[in-house]
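S.K.: predicted model and sequence follow; I will ask about them next.
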Amino acid sequence: MANDTSLLGQVKQKLIDSKRKWADEGRLLTGKAGLKGRDRLPPGQHEVKNWPVLDLGVQPKIDLWDWQLKVDGLVDAPASFTFQDLLALPQSEDVSDIHCVTAWSRYDNHWVGVRTRDLIARVRPKPDARFVMCHAYDGYTTNLRFEHFAAEDALLAHSWEGKPITREHGGPVRMVIPRWYFWKSAKWIKRIEFTAKDRPGFWENRGYHNQGDPWTEQRYSRD
Ligand SMILES: Nc1nc2c(c(=O)[nH]1)N[C@H]1C(S)=C(S)[C@@H](COP(=O)(O)O)O[C@H]1N2
Ligand SMILES: [Mo]
């Protein structure tokens, strides 16, 4: 893919290589899976109070009024949304914890945005749309099962702690899919594609688990 190659030319190849190496080596696996419900901190994670920035070395600058989201694939009503269109959809709030596969967790993040469920109601996916691919402005992709994308706490978020999400954290609009490792939450969301077949996204192609449940430590694909 020409696109992927030019993206890779720009990114911090070293960072990617080292994360990939971690995946190969199974770094950070504690073997203490299965604590769900008993503890707020998933196995192998530590709490941070700051909010680390993780990206591929590119932070696309998207003016609020230039931002556009395309929603297509297996849907009855494909649509394009501007920021204004997004604000015209029902707005919801959610408070959730972030769990990054690089072992940090950040509690109680207040998000405002549009529930994926409200987006789904608008575009009406077809019955065979069992998977979702999220595409971002930096070329990043990540895949989800339909039911995970449609979780009640999943948002297209534009605000964090009462303020617009900053560019470094994926503003103007990013996905927030709280029940999975944070790599499943695409920043700078550009396109949401509903598909019949599952395809791996950026990290899923580079050694990360296809799903990414922090409670069972679905960090890497060999787990
Ligand atoms: N578009 C895009 N989204 C992305 C990424 C990325 O590189 N590009 N990195 C993912 C990873 S690995 C993590 S941990 C989180 C980091 O989000 P943050 O920088 O706001 O903490 O974004 C996820 N979404
Ligand atoms: Mo991550």
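M.R.: Structure's in. What do you need? Ligands and ions are numbered 1, 2, ... in the order given.
S.K.: if you look at the longest strand anywhere in the chain, does any of it touch ligand 2?
M.R.: With secondary structure taken from DSSP state E, the chain has its longest strand at strand 104-115. No. Using C-beta under 5 Å from the ion, we find that strand 104-115 stays clear of ligand 2, coming within 8.9 Å at best. Any C-beta I mention is one placed from the backbone N, CA and C, and that applies to glycine too.
S.K.: stretch 182-202 now?
M.R.: Yes. Residues of stretch 182-202 are located near ligand 2 by C-beta under 5 Å from the ion, namely W183.
S.K.: report whether that stretch contacts ligand 1.
M.R.: Yes. Stretch 182-202 lies within reach of ligand 1 by C-beta under 6 Å from any ligand atom, at 182-183, 185-188.
S.K.: and that stretch, what's buried?
M.R.: 182-195, 201-202 (16 or more other C-beta atoms under 10 Å).
S.K.: straight-line length of that stretch, end to end?
M.R.: The stretch stretch 182-202 measures 13 Å between its terminal residues, going by C-alpha to C-alpha, to the nearest Å.
S.K.: quick one: average pLDDT of it?
M.R.: The predicted model assigns stretch 182-202 a mean pLDDT of 98.
S.K.: also stretch 97-105?
M.R.: In this model, stretch 97-105 has an average pLDDT of 98.
S.K.: hmm, who's touching that stretch?
M.R.: With C-beta atoms under 8 Å, 6 or more residues apart in numbering as the test, stretch 97-105 has contacts from 19, 28, 40-42, 44-48, 51-52, 54, 106-109, 178, 181-183, 208, 212, 214, 219.
S.K.: quick one: it to chain centroid distance?
M.R.: 12 Å (C-alpha atoms, centre = their mean, to the nearest Å).
S.K.: need the contact list for the residue nearest the centre of the chain.
M.R.: Centroid-nearest residue in the chain, with C-alpha atoms, centre = their mean: S185, separated by 1.2 Å. Counting by C-beta under 8 Å, 6+ apart, S185 touches 142, 170, 174-177.
S.K.: got the CA positions of whichever helix in the chain runs longest in CSV?
M.R.: Longest helix of the chain, by residue count under DSSP state H: helix 13-25. The C-alpha atoms that make up helix 13-25 are tabulated as CSV, following Å, rounded to 0.1, in the frame of the first residue of the first chain:
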residue,chain,number,x,y,z
GLN,A,13,10.3,3.9,13.0
LYS,A,14,12.4,3.2,16.0
LEU,A,15,9.5,3.6,18.4
ILE,A,16,7.4,1.2,16.3
ASP,A,17,10.3,-1.3,16.1
SER,A,18,10.8,-1.2,19.8
LYS,A,19,7.1,-1.6,20.6
ARG,A,20,7.0,-4.5,18.1
LYS,A,21,9.9,-6.1,19.8
TRP,A,22,8.1,-5.8,23.1
ALA,A,23,5.2,-7.6,21.5
ASP,A,24,7.5,-10.3,20.2
GLU,A,25,9.1,-10.7,23.6
